[in-house]
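Chemist: no sequence on this one, just coordinates:
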């Protein structure tokens, strides 16, 4: 299968930024996911006949940023598929500003049968995984979530209308919005998020009540989403002091 790199040029606008005028990570990840769909169509890993039947589900992702992305900056987001195994494939992204790489991500995806909520091998429905592009990405591999940070329950929250996507489960970007709300408000002013690693372990269905746990050690933080005591999602991050 021919592989292609897909890119998007955009200007960061007011509605996409936080109170510090920096591009929200949830918006960046949503943009990356939309770009991934465009690329998947271009390389034959997705077409409209799969709609409502099959879906590519993000399972793990590491994001890194050299610095915050700011309002009115012109950025370029690029993505390409990087091969994979029988049931999982790797995709990487780069974020550029003024021809400099300032961030990127590595993500792992799995194909599921939307009706039965089961993993499907792409080859079963005629999808051929692409060959690896020989390209050095800003983030080359997924880096595991930090496990040795103690967390405590801070809130219970329900998955509602605006949290749910077309795959009938909680949207990936909403996980990030929820999680980053629990970094102390003023800490965002002193630090920016240099790295996040996310593990989407189980789907979270609409109307589910989620117990949210938060922990921090020095410049590292961790968030867990639990349901009936089981971890459905966890995330760890590294904070870097602003210049």
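Modeler: Structure received. Here the structure is a predicted model, which means the values were calculated and not measured.
Chemist: When you work out contacts or count neighbours from here on, use the C-alpha atoms and nothing else.
Modeler: Noted.
Chemist: list the helices and strands the longest strand along the chain packs on?
Modeler: For the chain, the longest strand by residue count, based on DSSP state E, is strand 100-113. Counting by 3 or more C-alpha pairs under 8 Å, 6 or more residues apart in numbering; DSSP states H and E, the packing neighbours recorded for strand 100-113 are strand 54-65, strand 89-97, strand 118-119.
Chemist: Any chance of those in CSV with distance to residue 188, mean pLDDT and mean neighbour count as columns?
Modeler: Conversion of those to CSV gives the following (distance: least, C-alpha to C-alpha, whole Å; pLDDT from 0 to 100; neighbours: other C-alpha atoms under 10 Å):
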stretch, distance to residue 188, mean pLDDT, mean neighbour count
strand 54-65, 15, 93, 22
strand 89-97, 21, 95, 22
strand 118-119, 38, 88, 14
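Chemist: so which of the ones you listed gets nearest residue 11?
Modeler: Across those, residue 11 has its closest neighbour in strand 89-97 (10.3 Å, C-alpha to C-alpha).
Chemist: If I look at residue 124, what pLDDT would I see?
Modeler: According to the per-residue confidence, residue 124 scores 85 in pLDDT.
Chemist: To which secondary structure element type does it belong?
Modeler: Put simply, residue 124 is helix when judged by DSSP: H, G, I helix; E, B strand; the rest coil.
Chemist: Tell me how far it lies from residue 182.
Modeler: 41 Å (C-alpha to C-alpha, to the nearest Å).
Chemist: Could you list the paired strands of the lowest-mean-pLDDT helix or strand in the chain along with their orientation?
Modeler: The helix or strand with the lowest mean pLDDT-type score in the chain, counting by mean pLDDT, DSSP states H and E, is strand 118-119 (a mean of 88). The strands beside strand 118-119 in its sheet (DSSP bridges) come out as strand 100-113 (antiparallel).
Chemist: ranges for the strands of this structure?
Modeler: Taking DSSP E as the criterion, the chain contains strands spanning 6-11, 54-65, 74-84, 89-97, 100-113, 118-119, 152-158, 191-200, 209-217, 220-227, 230-241.
Chemist: Could you say which one of these comes nearest to residue 46?
Modeler: Ranking the strands of the chain by their distance to residue 46 (criterion: C-alpha to C-alpha) puts strand 54-65 first, at 8.7 Å.
Chemist: And the closest one, what does it pack against?
Modeler: Contact analysis of strand 54-65 by 3+ C-alpha pairs under 8 Å, 6+ apart lists strand 100-113, strand 191-200 as its packing neighbours.
Chemist: Present those strands as TSV; the columns should include mean neighbour count.
Modeler: As requested, those are arranged in TSV below (neighbours: other C-alpha atoms under 10 Å):
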stretch	mean neighbour count
strand 100-113	20
strand 191-200	21
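Chemist: got a markdown table for those strands, with mean pLDDT and distance to residue 86 too?
Modeler: Rendered in a markdown table, the data for these read as follows (pLDDT from 0 to 100; distance: least, C-alpha to C-alpha, whole Å):
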| stretch | mean pLDDT | distance to residue 86 |
| --- | --- | --- |
| strand 100-113 | 95 | 10 |
| strand 191-200 | 97 | 19 |
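Chemist: contacting residues around the longest strand of the chain?
Modeler: Contacts made with strand 100-113 from outside it, assessed by C-alpha atoms under 8 Å, 6 or more residues apart in numbering, are listed as 53-67, 87-96, 118-122, 137-142.
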